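[1] Predicted model and sequence follow; I will ask about them next.
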Amino acid sequence: MTLNLSAFDAAIVDLDGTLVDTLGDFVVALNRMLGDLGLPQASAPEVEQRVGKGSEHLVLSVLDHVLAHAGSAPHAGTTAAGEARALFDRAFALYQRHYLEINGQHSHVYTGAREGLEALRAHGLRLACLTNKPIAFARPLLAAKGLDGFFEQVFGGDDFERKKPDPLPLRKTCEALGAAPARTLMVGDSSNDARAARAAGCPVLLVTYGYNHGEPVRAVDADGFLDSLAELTALVAPVPRAGLGRCGPATLS
C-alpha cells in the first residue's frame with residue numbers, strides 16, 4: 001500500500017478499537033450494570049461484537065442477549081427484546097454511572113497509536129477524533145491516555161443528530177476542520193467508519209485489530225488496511241519544497 005499524505009489536509013480518527021482498546025472498560029461497566037439488575041454477566045466476546053454503534057445500542061443489545069439466554073424473560077408473556085426495551089432507561093442510567101467511575105481504568109492505548117498520530121501531525125494534517133462514544137466519556141478517556149493533545153476537535157456520538165455509519169458526523173467534522181471531505185482521511189476500525197467515509201466522500205483506512213461487530217474487517221470496502229497505526233510513519237511522503245505545491249492524489253492499494 002502506498003499513500004501520499006500530502007494529498008490530505010486533515011485526518012479524522014476513531015477512538016474505540018482504533019486508538020484505545022476499551023473492551024475491558026465496557027465489560028466491567030456492563031457487568032456492574034447487569035449485577036445491579038440481577039441479571040447474568042456478559043463475557044468479553046459477547047460484548048466485543050456489540051461495540052461500535054454507540055452506548056445506547058451497546059446497552060440494549062447486551063440486555064437483549066443476556067435476557068434471551070437466561071432461560072426466560074423476567075415477566076411472563078414478554079419477549080427478551082421487549083423486556084430489554086422496558087429495562088433500558090434504568091439500565092442505561094446505571095451503565096453511565098458505572099462507566100464514568102471506571103473510564104480508562106481497564107483499557108490501554110494500542111501499540112503504535114501514538115506514533116501514527118505523530119506522523120499525521122508532523123506532516124501538518126489537522127486532526128479530529130470522531131467516535132460514537134458519548135462525548136462525556138470520550139474527552140476524559142483521551143485525556144487519561146495522554147492523547148487529547150493531538151486533536152484540535154473531538155466529537156462524540158451525541159454531538160450530532162445521527163451517528164456513524166451515517167455520513168453526517170464526518171461531514172460536520174470536516175467542516176469544523178475546514179477541510180474538504182476528499183482531502184480528509186478517515187482512520188477507523190469497522191464497517192461503520194468505512195460506510196460513513198464512503199458516503200461522506202472521505203478516503204478511509206481501517207486497522208485490522210479493532211472491533212468490527214464480529215465480522216472480518218478485510219471484507220469491508222476500504223482503501224487500505226493497517227496492522228498498526230505506526231505503519232503511517234512509513235506512508236508519509238516528503239514535504240514538497242517551497243514553490244512546488246502539494247503532491248497529487250493519494251494512491252491506496
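    Sure, I can see it.

[2] So which residues of the stretch 51-200 of the chain form helices?
    For the stretch 51-200 of the chain, applying DSSP state H, counting those that start in this stretch gives helices covering 55-68, 80-102, 113-122, 135-144, 168-177, 191-200.

[3] helices or strands up against the second one?
    Based on contacts counted as 3 or more C-beta pairs under 8 Å, 6 or more residues apart in numbering; DSSP states H and E, the elements that helix 80-102 packs against are helix 23-36, helix 55-68, helix 135-144. In this view, the C-beta of every residue, glycine as well, is placed from N, C-alpha and C.

[4] re the thing from before, out of the helices of the stretch 51-200 of the chain, indicate the one that is most buried.
    Of all the helices of the stretch 51-200 of the chain, helix 191-200 has the most neighbours on average by mean count of other C-beta atoms under 10 Å, namely a mean of 23.

[5] Which residues does that helix contact?
    For helix 191-200, the surrounding residues in contact (C-beta atoms under 8 Å, 6 or more residues apart in numbering) are 14, 18, 52-53, 132, 164-167, 169-171, 174, 181, 186-188, 203-204, 206, 212-213, 215, 217, 220-222.

[6] List the ones among the residues you listed that fall in strands.
    If you go by DSSP state E, the contacts of helix 191-200 have 186-188, 204, 206 in strands.

[7] residues contacting G146?
    Going by C-beta under 8 Å, 6+ apart, the list of residues near G146 reads V109.

[8] can you do 6 Å?
    Listed by C-beta atoms under 6 Å, 6 or more residues apart in numbering, G146 has no contact partners.

[9] Read off the pLDDT value for it.
    pLDDT, G146: 98.

[10] Return the distance of the closest residue to H213 other than its chain neighbours relative to G157.
    Distance criterion C-beta to C-beta, 6 or more residues apart in numbering; nearest residue to H213, sequence neighbours excluded, is Q49 at 5.6 Å. Noted for Q49: a distance of 18 Å to G157, by C-beta to C-beta, to the nearest Å.

[11] For these two, indicate the residue with more neighbours.
    Higher neighbour count among Q49 and G157: G157, with 22 against 14, using other C-beta atoms under 10 Å.

[12] just to revisit the earlier point, will you turn the helices and strands packed on helix 80-102 into JSON lines that also has distance to A234?
    Formatted as JSON lines, those follow (distance: least, C-beta to C-beta, whole Å):
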{"stretch": "helix 23-36", "distance to A234": "28"}
{"stretch": "helix 55-68", "distance to A234": "34"}
{"stretch": "helix 135-144", "distance to A234": "25"}
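
[13] Compare these and give me the one nearest T79.
    Counting by C-beta to C-beta, T79 lies closest to helix 55-68 out of these; the figure is 8.4 Å.

[14] contacts for the closest one?
    By C-beta under 6 Å, 6+ apart, helix 55-68 touches 30, 39-40, 42, 50, 73, 80-81, 83-84, 87-88, 91-92, 95, 134.

[15] got the angle between that helix and helix 80-102?
    120 degrees (axes from the mean of the first three to the mean of the last three C-alpha atoms, to 10 degrees).

[16] G116 against S228, yeah?
    No. The criterion here is C-beta atoms under 6 Å, and G116 misses it with S228 at 7.4 Å.
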